[in-house]
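>>> coords please:
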Amino acid sequence: LKSEKDVIAGNDGFQIKIVATMHLKNPMVYIMHDHFSDYYVIIKHYHSVINCIIAYSNKIEKEVKAIDGVDVKNVYKIYYPSAAVTNLPNVSKKKSDLFKIVFAGLIIERKGADLLPKIYDQLISLGMNKFELQIIGDGELLPSLKARFQPCSNVSFNGWRDQHFVKNAMLQADIFLFPSRLEG
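Residues are numbered from 1 along each chain as shown. Model prediction:
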């Protein structure tokens, strides 16, 4: 932070706890990205350091405004924007028989990364032998996945990459594998 005018945005309690603990004077924006009770508890306990709360649904906005101590004038419902992809390549014409699968995200259990070996094995057991699994991301399960897939020439790891890389990988893929157990 360069000054007390820099805005701090957070979508979990970590940033808010830092602001409260360090007695920072910076404006704090809290983004409610899901309807988990923990997020409401954070607001209940730390509303005095939050200058603006962004809710992405009517339900969340209503519940946040009902929390004692929250200044309802500082609660805004703003829907998440989504990027519009233009000039998509013609993906209807496959260039090869190879079925391309992309997993991108944190390589942790909550995102379903632990399910990748089972999914891979099921594809093999179904007789699908012309596929490629591209894993993009980083996380605590990465070493075990690399060890498990080390003998598999049709599995590649790309580490953590920027959104342009991920977007291009997804555009080239036949399917985006998203076995996440919990999303916002």
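
>>> Disregarding flanking residues, what is the spatial nearest neighbour of Ile107?
Spatial nearest neighbour of Ile107, excluding adjacent residues (CB to CB, 6 or more residues apart in numbering): Gly139 at 3.4 Å. Backbone N, C-alpha and C define where each C-beta goes, glycine included.

>>> so that neighbour sits right up against Ala113, yeah?
Yes: assessed by CB atoms under 8 Å, Gly139 is found in contact with Ala113 at 6.6 Å.

>>> Pick out whichever of those two has more residues nearby.
Between Gly139 and Ala113, counted using other CB atoms under 10 Å, Ala113 has the larger neighbour count: 23 against 16.

>>> residues contacting that one?
Residues near Ala113 by CB atoms under 8 Å, 6 or more residues apart in numbering: Phe103, Gly105, Leu106, Ile107, Ile135, Gly137, Gly139, Leu141, Leu145, Pro179.

>>> what's the answer for Glu140, then?
So Glu140 contacts Ile107, Ile108 (CB under 8 Å, 6+ apart).

>>> That one: helix or strand, and which one exactly?
Counting by DSSP states H and E, there is no helix or strand that carries Glu140.

>>> cool, and Ile60?
helix 58-65.

>>> and that helix, what's its mean pLDDT?
Per-residue pLDDT values across helix 58-65 average out to 92.

>>> now swap in stretch 9-19 and tell me
Here the average pLDDT along stretch 9-19 is 87.

>>> Centre of the chain to it, how far?
17 Å (CA atoms, centre = their mean, to the nearest Å).

>>> Helix, strand, or coil at Gln122?
helix (DSSP: H, G, I helix; E, B strand; the rest coil).

>>> measure it to Ser156 for me?
From Gln122 across to Ser156, the span is 19 Å (CB to CB, to the nearest Å).
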